[in-house]
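> Have a look at this fold, sequence not included:
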Ligand SMILES: Cc1ncc(C[n+]2csc(CCOP(=O)(O)OP(=O)(O)O)c2C)c(N)n1
Ligand SMILES: [Mg+2]
C-alpha cells in the first residue's frame with residue numbers, strides 16, 4: 001500500500017515532531033509508522049491516537065531512548081483550517097467598522113501631537129491589535145448587566161486610543177473628548193493616556209500600562225472570582241477574564257511568573273491574547289528567534305492550553321498544497337527578524353527571500369502577484385481566524401488558554417511606520433500618509449479635509465452603527481464600564497475591641513499580636529466576618545495567624561486531598577474548598593494581586609470584601625511598590641499590614657530584612673492612609689475608623705499600618721485620644737510639673753518606650769520635664785499642614801487657618817524631639833511646623849543583626865540618645881550649658897566618636 005507522505009489532515013502534528021529522519025533509508029521506517037498512525041486515527045480517533053503515541057514515547061524513554069520533549073509544535077496555526085468555526089457575523093460590515101476605529105484611534109494621537117508636540121500617545125500598538133480587540137467586542141466580551149457581573153477585560157495599556165475610538169463609534173464618547181486625549185486638564189476634561197480607574201472611574205476598570213502587572217492581576221482576578229463562587233458570594237453565569245498582552249511585555253517577570261498557578265487552579269475562566277507583533281519599543285522582541293515558539297513552550301510547560309494563531313486564511317491553500325512539508329520547514333527556519341522584514345519590504349522581496357530559498361516553494365506561489373504575496377495576512381489580522389481561536393478558547397475546559405496571535409506592529413501605517421523599528425513612537429503623519437491610510441481602509445474622509453485628520457463616525461441610523469450597537473446589545477451593553485454599586489457594610493464599632501482599649505496589664509504583647517486579635521474578632525463578626533479576606537505570603541506562623549487555619553480554612557479549589565501531617569494538632573494546615581484565607585505562598589506580587597482583586601470587588605462584583613494583607617514590611621513597597629501604586633489607581637479598599645517593621649525592632653535578621661523606610665515609600669502613594677501605631681488600642685481605633693471610611697462612607701482610600709514584634713504591656717487608651725490617634729499625634733504621657741526645663745518627645749511604634757525611658761532620665765537627672773507624644777502618622781499631619789499652608793497662601797487677606805499639627809503644638813513650650821525606628825525623614829515630614837524646629841532621631845543606614853539594645857545604641861534611637869538630643873536642643877536655645885551636654889554624654893556612656901552607619905553625602 002502506498003502511504004501519503006504528508007500528515008493526515010486531522011493528525012495533531014505536535015505529536016510528530018521527532019527529529020526528521022534522513023529522507024533515504026529511514027523513509028521506510030517512517031512510512032510504516034505513518035501507516036500505524038493512519039490506522040489509529042481512522043479507527044480510534046485523534047485523542048486515542050495521541051494517547052497511544054504518548055505511551056509509545058514513555059516506553060521509549062524507559063528503554064533509554066532519548067525522545068525530545070514536544071514543548072513546541074510546528075510553526076503553523078493550532079486550529080487547522082478545516083476545524084475552524086465559521087465566522088458568524090457580517091464580515092464586510094465588521095471590517096468597515098474596524099477601519100473607522102483604526103482611523104479615529106490614529107487621528108486622536110496625530111491631532112493631539114499636532115497641536116501640542118510632545119503629548120505622546122501610540123498609534124502602532126492598536127494598529128496591530130485592532131482585529132484582536134474588535135472580534136472580542138463584536139462577539140465575545142459580555143458586559144455587566146443586572147444579573148451578570150460582566151467579563152473582565154484587561155486591554156494593553158497603550159492600545160487605549162483604540163478603545164476610546166470604539167467607544168466613540170458606540171456613542172459613549174464625543175468628539176470633544178477624543179480631541180482632548182491626553183489633555184485631561186483641558187476645559188470639559190479629557191481622556192487619560194492609559195487605562196486609569198482613578199482618572200476615569202466610570203470607564204476603566206483595570207490599569208495595565210505598567211507592563212506585566214495586568215497579566216499578573218488577571219490570573220489572580222480569575223482565581224478570586226472562583227474563590228468568591230466557592231464561598232457562595234457569587235453565583236449565576238461565570239465571568240471570563242481576558243487579558244491582552246504585548247509580546248515584549250512577556251519579558252516582565254510578573255507576566256510569566258504566575259502561569260503555573262493559573263493551570264494548577266484550572267482557570268478555564270481565563271483567556272490571554274498575546275499580541276505577537278514581534279516588536280517592542282526599540283526593536284524586535286526576538287529578532288534571532290521566534291517569540292511565538294518560545295512562549296508556546298513556556299505556556300505548554302506551565303500547563304496552559306496554547307492556541308497559535310500565526311497565519312491568515314490566504315495561507316491555507318498554500319499549506320494544503322505543501323505536500324513535501326517544505327513550506328512549514330521554511331516557516332520554521334525564518335526568524336522573527338526575517339518576518340519583520342517581510343512586513344516592510346514589497347512582495348517581491350518575500351518571494352525571493354522567503355519562498356525563493358527552495359525552488360518548490362517558488363512554484364507554490366507562482367500564481368500569486370507580488371502584491372498578493374505582500375498581502376498574505378498574519379493570523380492576528382484575520383477576523384475569521386481570530387474568531388475561531390476565541391471560540392475554541394471560550395469552549396476549552398480545565399485549563400486557561402493563551403492565544404499567541406501573530407500581527408504586524410503599525411499595521412496599515414505603510415511607510416509611516418508599518419513594521420518599522422521606530423513605529424512604537426510614531427505620533428505624526430503627513431498628508432500623504434494620512435491619504436494612504438484612509439484609502440487603504442476605505443475611510444470616507446473627503447480630500448480637502450484629509451490633512452486635518454478629522455474624526456469619522458457614521459450616523460446613528462447608518463447600517464454600520466446599527467450593526468455595531470446590535471452586537472453590543474446582544475452582549476449586554478458596553479465595555480469597559482466601571483460600576484460601583486456595593487452595599488455599605490455594617491462594620492463593628494470601636495467598642496467591639498474593648499479589651500484592647502482597656503490595655504493588657506501584666507501581659508505583654510506586640511502590636512502584631514494586637515492585630516491578630518482584631519482580625520480574629522472581625523472574622524467572628526456576624527455582620528461582616530465572612531467578607532474579611534486574610535492574605536498571607538507564607539508568613540502566617542511568623543505573625544501568629546496560624547490560629548486561623550483551622551477556624552476559617554485556607555482556600556484551595558481542590559480542598560485537601562491528603563491528610564496533613566499535623567492533622568492531630570489544634571492548628572493544623574487546613575485546606576478547604578471554601579477557605580477564607582488566601583495563603584499565597586512566597587509571592588508578594590501574587591498576594592498583592594489578590595489584595596487588588598479583593599479590594600476592588602466592590603466595583604467588579606458589586607460587593608465589598610475586606611482584604612487584610614499582612615507581610616514582612618521590607619518586602620512590601622520595596623519589592624512590589626508598583627503594584628501598591630496600581631492599587632491606588634484602581635481605588636482598592638483594604639488594609640496593608642507591614643509586619644516585623646522597624647530597623648531595630650526586628651533585630652536578628654540584619655540588613656535585608658530590617659525595614660526603616662516603608663513609611664516614606666508609603667507616603668508617596670496619594671490615597672494611602674499611613675499609620676505607625678505604638679499600642680494595641682491605637683490599632684483598634686485606626687482599623688475601626690478605616691472600615692467606616694472605606695466600607696460605610698465609600699471613601700476612595702486604603703491603609704498601610706506598620707506592625708512590630710516587640711512584646712510589652714499595652715496601656716489603656718487615654719481619655720479622648722481617638723481624634724489625635726487618627727490625625728497623627730496626641731499627648732500620651734505628660735512630663736512631671738514644676739521642673740525648670742520643658743521638652744516634647746514624639747515617639748512611634750515600640751520606640752515610644754525609649755521616649756518614655758528618656759522622659760524618666762530627663763526628669764530624674766537633668767531637671768527636664770518632657771511630655772511624650774505618640775506620633776501615629778507623620779504623613780497625614782504633613783498632608784494636612786501642606787493643605788492648610790496652601791490655603792493660607794491663596795487667601796492672604798482672610799484669617800489664617802491652622803493645621804492640626806500647628807493647633808496641637810502652638811501652646812506648648814520647650815524643645816521638640818522625635819524618635820523613630822524609621823529613617824529620620826519620616827518625622828522630618830512635620831519639622832516645618834514644630835515650634836522652634838524639630839530634632840529627629842532615626843535609623844538611617846543599612847541594618848545589622850544584633851540585640852535590640854545594641855542596635856538602638858548603634859542607630860542612636862535609644863533613651864540615652866534621646867536624652868542627649870533633648871539636652872542638645874535645649875543648649876541650642878541657650879537653656880542648658882553646652883558643657884552639660886558633654887558631661888551628660890559621658891555619664892550616660894555615649895561615645896561621641898562611635899561608629900555611625902555609613903551614609904553617602
Ligand atoms: C514596566 C514598564 N516598563 C516600560 C514601559 C514602557 N513601554 C511602554 S510600551 C513598551 C513596549 C511594549 O512592547 P510590547 O509589549 O511588545 O507591546 P506592543 O506595543 O508591541 O504591542 C514599553 C517598553 C512600561 N509601560 N512599563
Ligand atoms: Mg510587541
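Alright, I've got the coordinates. As the structure is a computational prediction, the values presented were derived from the model and not from experiment. Ligands and ions are numbered 1, 2, ... in the order given.
> Figure out how far stretch 576-589 is from the centre of its chain.
How far stretch 576-589 lies from its chain's middle: 17 Å, per C-alpha atoms, centre = their mean, to the nearest Å.
> I meant stretch 647-654, not that one.
In terms of C-alpha atoms, centre = their mean, the centre of stretch 647-654 is set 30 Å apart from its chain centre.
> Tell me the buried residues in that stretch?
Using 16 or more other C-beta atoms under 10 Å as the test for burial, stretch 647-654 gives 647-651. Yep, even glycine has a C-beta here, placed from its N, CA and C like the rest.
> can you tell me the distance between the two ends of it?
Start-to-end span of stretch 647-654 (C-alpha to C-alpha, to the nearest Å) is 9 Å.
> what does it contact?
Applying C-beta atoms under 8 Å, 6 or more residues apart in numbering, the contact partners of stretch 647-654 are 644, 657-660, 708-710, 749-751, 821-823, 843, 847-852, 855-856, 858-859, 861.
> Repeat that for stretch 439-456.
With C-beta under 8 Å, 6+ apart as the test, stretch 439-456 has contacts from 96, 99-100, 102-104, 106-108, 110-111, 114, 168, 175, 178-179, 412, 414, 429, 431, 434-435, 437-438.
> so what's the nearest residue to residue 438 once chain neighbours are set aside scoring on pLDDT?
Spatially, and ignoring its direct neighbours in sequence, residue 438 is nearest to residue 445 (5.1 Å; C-beta to C-beta, 6 or more residues apart in numbering). With respect to pLDDT, residue 445 has a value of 95.
> So what's the residue count around residue 445?
20 (other C-beta atoms under 10 Å).
> roughly how far apart are it and ligand 2?
From residue 445 across to ligand 2, the span is 29 Å (C-beta to the ion, to the nearest Å).
> From the chain's centroid, how far away is the top helix by length along the chain?
Determined from DSSP state H, the single longest helix within the chain is helix 27-62. In terms of C-alpha atoms, centre = their mean, the centre of helix 27-62 is found 44 Å from the chain centre.
> Just the buried residues of it, please?
30, 33-34, 37-38, 40-41, 49-50, 52-53, 57.
> for the residues you listed, which one is nearest ligand 2?
residue 50 (32.7 Å; C-beta to the ion).
> Give me the distance between that closest one and residue 855.
62 Å (C-beta to C-beta, to the nearest Å).
> Enumerate every residue touching the residue in the stretch 1-150 of the chain that ligand 1 sits nearest to.
Closest approach between the stretch 1-150 of the chain and ligand 1, counting by C-beta to the nearest ligand atom: residue 125, at 3.6 Å. Shown in contact with residue 125 (C-beta under 8 Å, 6+ apart): 156, 158-159, 246, 275, 277, 409, 424.
> overlap between the contacts of stretch 439-456 and the residues near ligand 1?
Near ligand 1, judged by C-beta under 6 Å from any ligand atom, there are no entries from the contacts of stretch 439-456.
> Which of these are buried, as a ChimeraX select command?
Here is the ChimeraX command that selects only those of the contacts of stretch 439-456 that count as buried (16+ other C-beta under 10 Å):
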select :96,99,100,102,103,104,106,107,108,110,111,114,168,178,179,412,414,429,434,437,438
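> Around ligand 1, which positions in this protein sit nearby?
125, 128, 156, 158, 209-211, 246-249, 275, 277, 279-281, 285, 409, 424.
> Among these, which ones are in helices?
Those of the residues of the chain next to ligand 1 lying in helices (DSSP H): 125, 128.
> The residues of the chain next to ligand 1 in strands, which ones?
For the residues of the chain next to ligand 1, the ones inside strands are 246, 275, with DSSP state E as the criterion.
> Now the buried members of the residues of the chain next to ligand 1.
Using 16+ other C-beta under 10 Å as the burial test, the residues of the chain next to ligand 1 include 125, 128, 156, 158, 209-211, 246-249, 275, 277, 279-280, 285, 409, 424 as buried.
> Show me the subset of the residues of the chain next to ligand 1 that also lies near ligand 2.
246-248, 277, 279 (C-beta under 5 Å from the ion).
> Kindly indicate which of those lies nearest residue 593.
Closest to residue 593 out of these is residue 246 (18.7 Å), distances taken as C-beta to C-beta.
> Surely the closest one touches residue 156?
Yes: between residue 246 and residue 156 there is a contact under C-beta atoms under 8 Å: 5.7 Å.
> what sits in contact with each of these two?
125, 275.
> Turn the buried residues of helix 27-62 into JSON lines, including distance to ligand 2 and pLDDT.
Converted to JSON lines, the buried residues of helix 27-62 look like this (distance: C-beta to the ion, whole Å; pLDDT from 0 to 100):
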{"residue": "30", "distance to ligand 2": "38", "pLDDT": "81"}
{"residue": "33", "distance to ligand 2": "40", "pLDDT": "85"}
{"residue": "34", "distance to ligand 2": "39", "pLDDT": "85"}
{"residue": "37", "distance to ligand 2": "37", "pLDDT": "85"}
{"residue": "38", "distance to ligand 2": "40", "pLDDT": "85"}
{"residue": "40", "distance to ligand 2": "40", "pLDDT": "84"}
{"residue": "41", "distance to ligand 2": "38", "pLDDT": "82"}
{"residue": "49", "distance to ligand 2": "37", "pLDDT": "81"}
{"residue": "50", "distance to ligand 2": "33", "pLDDT": "78"}
{"residue": "52", "distance to ligand 2": "39", "pLDDT": "81"}
{"residue": "53", "distance to ligand 2": "35", "pLDDT": "82"}
{"residue": "57", "distance to ligand 2": "35", "pLDDT": "85"}
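> Tell me the one of those nearest residue 723?
residue 50 (69.6 Å).
> that's a strand at residue 153, yeah?
Yes: counting by DSSP: H, G, I helix; E, B strand; the rest coil, one finds residue 153 located in a strand.
> Which entries within the contacts of stretch 647-654 meet the buried criterion?
The buried subset of those - by 16+ other C-beta under 10 Å - is 644, 657-660, 708-710, 749-751, 821-823, 843, 847-848, 852, 855-856, 858-859, 861.
> who's in contact with residue 393?
271, 305, 307, 401, 403.
> so how far is residue 423 from it?
28 Å.
> Repeat that for residue 232.
From residue 232 to residue 423 the distance is 49 Å (C-beta to C-beta).
> ok, now which ones touch residue 487?
607-608.
> correction: residue 571
Contact criterion C-beta under 8 Å, 6+ apart gives 546-547, 549-550 as the residues in contact with residue 571.
> Equivalent analysis for residue 556, please.
575-577, 579 are the contacts of residue 556 under C-beta under 8 Å, 6+ apart.
> List buried residues within those.
Buried among the contacts of residue 556 (16+ other C-beta under 10 Å): 575-576, 579.
> Just want the residue of the protein that's nearest ligand 1.
residue 246 (2.0 Å).
> Could you list everything that residue pairs with in the sheet?
Beta bridges link residue 246 to residue 275, judged by DSSP bridges.
> Going toward the C-terminus from the strand or helix carrying residue 472, what's the next helix or strand?
Using DSSP states H and E, residue 472 falls within helix 463-474. Where DSSP H and E defines the elements, the next helix or strand beyond helix 463-474 is helix 498-502.
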